[in-house]
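Colleague: Make a model of this:
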Amino acid sequence: MPGDDSSSTSTAILATPTAAIPAHSPYFLHSSDQPGTPLVTPVLDGNNFPTWHRAIVMALEAKNKLQFLDGSLPKPASDSPDPPHWTRCNSMVRSWIVHSIVPNIAHSILWVDSARDAWLDLHDRFSQKNAPRIFEIRRSISTLSEGLDSISIYYTKMKSLRDALSSYRAMPTCTCGTATTLQSHVETDSLMDILQGLHESYSVVRSQILLMDPLPTIA
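Modeller: Got it, this is the predicted structure:
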């Protein structure tokens, strides 16, 4: 019937924009992607930016949406077919970020139209060197000891502190070999931190390890 043909045609037209976007495209949104869903926990509270930043980046990489933050996918020209898709995904990413932040911080970026601009604003405010936090972590590392814990539990605690410290001290990008040397020094420092907190029952083993050349890795 003519009425049925018209209905089928309308349905096909409405379905075309979504169906035409392949799954590998950054414009693709899965049916499970919801704007009100926090991407990560815990949310950003102003004191956990390094770990929150890393978690958000990982989540958006998994969703193929990191391009909306790093500037590699700017808003398309108005004469292309992509602006509606870009706007839709940009709003989705903005919403994910807003719902992954405590309300008083989220309100400050709520009216920013670009997900990238909101991201850069948060980065400028919270990525500054946090000397008091670095001091706290360094002090925790220097005072941590195995005590009554097992080696595994003690190592896990130490690694958590070392990872937190490294989040405030990014290694420089280098192709001359200097970064490898710096990384070696960092690994040596980590080994020393582990050894100094071991129970005294391991004093002989510790002495033997310190005499090794080269020093073993923490693993």
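Colleague: Tell me which helix or strand comes right after the helix or strand of the chain with the lowest mean pLDDT.
Modeller: Per-element confidence for the chain was summarised using mean pLDDT, DSSP states H and E. The lowest value among helices and strands belongs to helix 2-19, with a mean of 42. As assigned by DSSP states H and E, the chain's next helix or strand after helix 2-19 is helix 49-62.
Colleague: and stretch 112-132, how far out from the chain's middle?
Modeller: 13 Å (C-alpha atoms, centre = their mean, to the nearest Å).
Colleague: neighbouring contacts of that stretch?
Modeller: By C-beta atoms under 8 Å, 6 or more residues apart in numbering, the list of residues contacting stretch 112-132 from outside reads 44, 46, 49-50, 53, 68-71, 75, 90, 93-94, 97-98, 101, 105, 108-109, 168. C-beta coordinates here come from the backbone N, C-alpha and C atoms, glycine included.
Colleague: Out of these, which sit inside helices?
Modeller: Using DSSP state H, the members of the contacts of stretch 112-132 that fall in helices are 49-50, 53, 68-70, 90, 93-94, 97-98, 105, 108-109.
Colleague: So, low pLDDT: which residues of the chain?
Modeller: Counting by pLDDT under 70, the chain has low-confidence residues at 1-19, 128-129, 169-177, 179.
Colleague: same thing but 50
Modeller: Per-residue confidence for the chain (pLDDT under 50) gives these ranges: 1-19.
Colleague: Just want the most central residue of it.
Modeller: The chain has Arg54 as the residue nearest its centroid, 1.5 Å off, counting by C-alpha atoms, centre = their mean.
Colleague: Contact partners for the nearest residue to that one once chain neighbours are set aside?
Modeller: Leaving aside its sequence neighbours, Arg54 sits nearest to Ser167 (C-beta to C-beta, 6 or more residues apart in numbering; 7.0 Å). Residues counted as contacts of Ser167 (C-beta under 8 Å, 6+ apart) are 50-51, 54.
Colleague: before we move on, what about Ser140?
Modeller: Remark: with contacts taken as C-beta under 8 Å, 6+ apart, Ser140 is in contact with Leu161.
Colleague: Can you tell me the SS state at it?
Modeller: Using DSSP: H, G, I helix; E, B strand; the rest coil, the secondary structure recorded for Ser140 is helix.
Colleague: hang on, the earlier thing: now do the residue nearest to the centre of the chain against Ala23, distance only.
Modeller: Distance of Arg54 to Ala23, given as C-beta to C-beta, to the nearest Å: 25 Å.
Colleague: Same check on His99?
Modeller: The span separating His99 from Ala23 equals 24 Å under the rule C-beta to C-beta.
Colleague: The two: who's more crowded?
Modeller: The residue with the greater number of neighbours, taking His99 and Ala23 and applying other C-beta atoms under 10 Å, is His99; the counts read 16 against 7.
Colleague: Can you tell me how far the more buried one is from Thr178?
Modeller: Counting by C-beta to C-beta, the gap from His99 to Thr178 is 41 Å.
Colleague: repeat for Glu61
Modeller: With C-beta to C-beta as the criterion, Glu61 and Thr178 are 28 Å apart.
Colleague: PyMOL command to pick out the buried ones of the contacts of stretch 112-132?
Modeller: Only the buried members of those end up in this PyMOL selection, burial being decided by 16 or more other C-beta atoms under 10 Å:
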select buried, resi 44+49+50+53+68+69+90+93+94+97+98+101+105+109+168
